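A.B. asks: predicted model and sequence follow; I will ask about them next.
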Amino acid sequence: MRDFVARRVAAVPPSGIRRFFDIAATMDDVISLGIGEPDFVTPPEILEAGIRSLRDGRTHYTSNSGTQELRDAVAVHLQRLYGVAYEPRSEILITVGVSEALYLTLTAVLDPGDEVIVPTPCFVAYQPEILLAGGVPVELATRLEDDFQVRPEALEPLITPRTKVVLLGYPNNPTGAVMSRSNLIGVALVAQRHDLLVISDEIYDRLVYGSHQHVCFASLPEMHERTVTLGGFSKDYAMTGWRIGYAAAPAPLLAALRKVHQYTIMSAPTTAQDAALEALLHGEPHVERMRAEYDRRRRLIVGGLNELGLPTFEPLGAFYAFPSITAAGMSDQLFAETLLAEERVAVVPGSAFGADGGFVRCSYATAYEKIEQALERLRRFMQRHG
């Protein structure tokens, strides 16, 4: 028989994250610093809203775009936090997580061969989704000495006549970096100068620490009309399993996303939409409580890694630390495999996110006490290998 798998699908490698999760799942007494998922249960009021939705018989399709109530609430939310105005009927689409929102956007805007500039390290799905949509990912390596931020002057040389999109993911997974307003303005000016679209994945927007603030890219001067904003509920409200997110964009762009969505998904789950509405209306105290706890864990893990001779960039957002493992004298793959085998601590090689081989990602979306135990195991590991 012929090989029926499409070449563009066959060319996409399996997830570098999933491999280590699968290995860890076969082992006992593993402390996972690998998974990028809140360890909190969805707050009770949000849970109850979902249960109430089911009990009230809300088990049918909604509008392709999502319930009007939820779209209205998303619009109010973005206006209140970032001063960016979206018309909820024509400029907001409710999706099955930000993953679907990204798929819709790339599918809707890319023609075969169009280039998308992707700052790395980045979320593992960015390059594969670009390839699956027929585009060409062009990687822009960010550097530790620049706090893993995009430097506008490094962006411009990568632009060719085929460049159509810049895909930003800040606060960043895996580094925890947060883009400064000045650097974002620089990126905005480059996008204007070369007539580029910016896709801004802002799923971690509420998880920013200290005096730092998240800047919504679409709120920058002249950027509303050339930005697709992706957001959701998984990280901020501990709702990963509900699979609910949104895309916000100018009406002509959003109509294209909606077209792909209606033929692919129909509508996001009704129960999840009702729970998400409750999250936006009454979930703010829970966001603040979880953010404070992540901040406590952040300080613990960064301080602990630095003490162990694993220099760690201070993450200002999301819930990941990204230590340099140069002192261990191993590649990131070997470091992660050996640490898992010897000390039962799971981390993810930085190369899975497009970084060079000198880093691993450690998630602090796990209990404080488990992070303490993981650091003690890492201490033993580094005494042998550091």
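C.D. replies: Happy to help now that I have it.
A.B. asks: which element is residue 46 on?
C.D. replies: helix 44-55 (DSSP states H and E).
A.B. asks: would you mind listing the buried residues in that helix?
C.D. replies: 46, 49, 50, 53 (16 or more other C-beta atoms under 10 Å). C-beta here means a position set from N, CA and C on the backbone, and glycine is covered the same way.
A.B. asks: can you pull the contacts of the first one?
C.D. replies: If I follow you right, that is residue 46. Residue 46 is in contact with 237, 239, 275, 278, 279, 283, 286, counting by C-beta atoms under 8 Å, 6 or more residues apart in numbering.
A.B. asks: list just the nearest of those residues to residue 102.
C.D. replies: residue 239 (17.4 Å; C-beta to C-beta).
A.B. asks: rewinding a little: any buried residues in the helix or strand that the helix holding residue 46 is followed by, and which?
C.D. replies: Counting by DSSP H and E, the next helix or strand C-terminal to helix 44-55 is helix 68-82. Residues of helix 68-82 classed as buried by neighbour count (16+ other C-beta under 10 Å): 70, 71, 73, 74, 75, 77, 78, 82.
A.B. asks: which neighbouring elements make contact with helix 68-82?
C.D. replies: strand 92-95, strand 227-232, strand 245-248, helix 270-282 (3 or more C-beta pairs under 8 Å, 6 or more residues apart in numbering; DSSP states H and E).
A.B. asks: may I see these organised as JSON lines, with distance to residue 379 added?
C.D. replies: Conversion of the helices and strands packed on helix 68-82 to JSON lines gives the following (distance: least, C-beta to C-beta, whole Å):
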{"stretch": "strand 92-95", "distance to residue 379": "43"}
{"stretch": "strand 227-232", "distance to residue 379": "36"}
{"stretch": "strand 245-248", "distance to residue 379": "39"}
{"stretch": "helix 270-282", "distance to residue 379": "39"}
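A.B. asks: reformat the ones you listed as TSV; add distance to residue 117 and mean neighbour count.
C.D. replies: Below are the helices and strands packed on helix 68-82 laid out as TSV (distance: least, C-beta to C-beta, whole Å; neighbours: other C-beta atoms under 10 Å):
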stretch	distance to residue 117	mean neighbour count
strand 92-95	23	27
strand 227-232	15	27
strand 245-248	20	28
helix 270-282	31	22
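A.B. asks: one step back: nearest to residue 157, of the buried residues of helix 44-55?
C.D. replies: residue 46 (45.7 Å).
A.B. asks: distance of the closest one from residue 292?
C.D. replies: 18 Å (C-beta to C-beta, to the nearest Å).
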